[in-house]
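Participant: sequence first, predicted coordinates after that:
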Amino acid sequence: MSLLLDEICEQPAVLKRLSQNNTLKVRSIAEEYRKRGLDGIYFAARGTSDHACVYAQYLFGITAGIPCALGTPSVITKYGAQLRFGTDLVVGVSQSGRAEDVLEVLRQANGQGCLTVAVTNDEESPMAREAKYHLFCGAGTEKSIAATKTFTAQMFLLALLCAEIADSDELREQLDKISDDTAALLKYAPPALEAKLVRYRYLTNGFILGRGLEYPIALEGALKILETNCLKMKGAAISDFYHGPIAQIAEGDLVIVISGKGPTSDDDRKMIARLHEIGAEVFVITNDDELYKEEKFGILTPEGGKYTAVFLFAVCVQLFAYELTVIRGVDPNESRVLKKITITK
């Protein structure tokens with residue numbers, strides 16, 4: 001079995017232990033957030049971790065009404081700016097915990113007496129030591145170049161924090177079930193996808209689209225496919241895709257549409273209809289049985305929760321990337337230019 005597939009398949013176990021290992025700290029963070037009268041969140045991250053934060057932006061806004069900023073660390077590290085974090089919780093997210101620009105955001109926030117949190121997969125990392133609170137992914141060593149289990153672990157920890165700050169039993173219950181849902185998906189998805197993706201052996205480019213909670217998964221899916229297969233892939237929000245990027249689509253082009261049941265499903269269907277008009281080949285990743293039956297190409301996931309179905313979509317795009325490497329004869333664990341840990345300053 002491939003190292004990448006091994007790590008994808010570890011996710012049910014990783015997700016299952018996250019609550020037990022982090023709930024007490026999450027409760028302390030939420031309690032301090034309320035006592036301080038904070039009313040915003042500033043996220044700092046790069047790459048895959050950035051996508052986990054985009055998910056959190058949506059989730060905190062939807063369930064807690066909290067405005068969240070996705071930070072620009074280079075304004076500090078390259079331009080020497082002094083940011084005024086005010087009444088924000090400042091959260092740095094990094095798989096390695098060694099992202100120097102994200103670390104500098106935490107340092108500056110600490111210097112202002114802010115409440116700071118680091119989310120990493122290394123308890124001894126500089127970010128874990130710098131932040132007042134550390135939420136630990138506990139995913140074990142991730143050796144594959146493409147982050148998989150650490151991505152869903154980061155999403156889970158941010159969602160766990162959101163559930164506590166929003167005091168949402170609904171979100172807590174959905175998080176409790178996501179490990180089992182992921183295990184169920186992994187029982188059938190790898191062979192199902194391999195059989196469906198053979199037609200993409202000579203794929204050179206494509207797009208992945210989603211809206212709302214599905215948008216960060218589109219971003220992450222594009223990153224996984226280009227990292228592992230060196231293909232030109234672009235992730236985009238369906239709402240933005242109409243404003244110019246759709247002009248790039250030609251007949252026969254592959255467009256993966258991530259569509260979950262919920263408020264954005266009508267927009268997904270309208271985009272799919274437009275793509276068919278153009279003549280694009282649409283592949284749906286969905287928990288909507290009706291949509292799955294309507295489309296020629298796709299995969300159906302367990303339904304999941306309205307806030308957590310995206311975890312299942314994330315696993316699907318990871319598997320999509322992996323199965324493409326099998327079909328195309330590419331080693332996903334080797335790269336001419338990428339390193340497992342990339343440190344930006």
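Facilitator: Yes, it's here. Numbers count the residues shown, from 1 in each chain.

Participant: from residue 38, how far out is residue 32?
Facilitator: Distance of residue 32 to residue 38, computed by CB to CB, to the nearest Å: 8 Å. All C-beta spots, glycine's among them, are computed from the backbone N, C-alpha and C.

Participant: er, residue 313 actually
Facilitator: Distance from residue 313 to residue 38, by CB to CB: 31 Å.

Participant: those two - which one has more neighbours?
Facilitator: residue 313 (27 against 19; other CB atoms under 10 Å).

Participant: give me the element the more buried one is part of.
Facilitator: Element membership for residue 313 (DSSP states H and E) is helix 309-328.

Participant: who are the packing partners of that helix?
Facilitator: Packing partners of helix 309-328 (3 or more CB pairs under 8 Å, 6 or more residues apart in numbering; DSSP states H and E): helix 3-9, helix 149-166, helix 169-197, helix 215-229, strand 254-259, strand 281-286.

Participant: which neighbours do residue 32 and residue 38 have in common?
Facilitator: Residues touching both residue 32 and residue 38 by CB atoms under 8 Å, 6 or more residues apart in numbering: residue 115.

Participant: got the buried residues for stretch 216-235?
Facilitator: 216-231, 233-235 (16 or more other CB atoms under 10 Å).

Participant: what separates that stretch from the chain centre, distance-wise?
Facilitator: 12 Å (CA atoms, centre = their mean, to the nearest Å).

Participant: pLDDT of it, averaged?
Facilitator: Mean per-residue pLDDT for stretch 216-235: 96.

Participant: list the contacts for residue 225?
Facilitator: 206, 208, 231, 233, 317, 320, 321, 324.

Participant: where's the third one relative to residue 316, distance?
Facilitator: Remark: distance between residue 231 and residue 316 (CB to CB) = 17 Å.

Participant: how much space between residue 129 and residue 117?
Facilitator: Residue 129 is 13 Å from residue 117, by CB to CB.

Participant: same question for stretch 118-126, mean pLDDT?
Facilitator: pLDDT averaged over stretch 118-126 gives 97.

Participant: mind showing which ranges of the stretch 201-345 of the chain have poor pLDDT?
Facilitator: 334-345 (pLDDT under 70).

Participant: need the contact list for residue 319.
Facilitator: Contacts of residue 319 by CB under 8 Å, 6+ apart are 8, 189, 190, 193.

Participant: so which of those residues comes closest to residue 110?
Facilitator: residue 8 (35.5 Å; CB to CB).

Participant: now do the contacts for the closest one.
Facilitator: Per CB under 8 Å, 6+ apart, neighbours of residue 8: 148, 149, 186, 315, 318, 319, 322.

Participant: can you tell me the closest non-neighbouring residue to the second one?
Facilitator: I take that to be residue 149. residue 139 (4.5 Å; CB to CB, 6 or more residues apart in numbering).

Participant: list the contacts for the one you found?
Facilitator: Contacts of residue 139 (CB under 8 Å, 6+ apart): 10, 14, 121, 149, 150, 153.

Participant: now swap in residue 176 and tell me
Facilitator: residue 19.

Participant: what does residue 292 give?
Facilitator: 284, 286, 298, 299, 300.

Participant: and it, what helix or strand is that in?
Facilitator: helix 289-294.

Participant: and the following helix or strand past that helix, which strands flank it?
Facilitator: Downstream of helix 289-294, the next assigned helix or strand under DSSP H and E is strand 297-300. Here strand 297-300 has these sheet partners by DSSP bridges: strand 281-286 (parallel).

Participant: what angle separates the strand it pairs with from helix 215-229?
Facilitator: 120 degrees (axes from the mean of the first three to the mean of the last three CA atoms, to 10 degrees).

Participant: which residues sit against strand 281-286?
Facilitator: 196, 252-260, 272, 275-276, 291-292, 295-301, 313, 316-317, 320.

Participant: cutoff 6 Å now
Facilitator: If you take CB atoms under 6 Å, 6 or more residues apart in numbering as the criterion, strand 281-286 is touched by 254-259, 272, 275, 292, 295, 297-299, 313, 316.

Participant: any regions of the stretch 1-150 of the chain where pLDDT drops low?
Facilitator: 1.

Participant: and the helices in it?
Facilitator: Using DSSP state H, counting those that start in this stretch, the helices of the stretch 1-150 of the chain run over 3-9, 11-35, 47-64, 74-77, 100-111, 126-130, 149-166.

Participant: one step back: quick check: ChimeraX command selecting the buried ones in the contacts of residue 139.
Facilitator: In ChimeraX syntax, the buried subset of the contacts of residue 139 is picked out as below (16+ other CB under 10 Å):
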select :10,14,121,149,150,153
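
Participant: of the contacts of residue 139, which pair is most distant in space?
Facilitator: It's 10 and 121 that sit farthest apart of the contacts of residue 139, by CB to CB, at 12.4 Å.

Participant: re the thing from before, report the angle between the helix holding residue 313 and helix 11-35.
Facilitator: Going by the same axes, to 10 degrees, helix 309-328 makes 140 degrees with helix 11-35.

Participant: tell me the angle helix 309-328 makes with helix 149-166.
Facilitator: 170 degrees.

Participant: how is the protein carved up into domains?
Facilitator: 3-175, 184-328 (automatic domain parsing).

Participant: for residue 21, see how far away the residue nearest to residue 149 is.
Facilitator: 11 Å.
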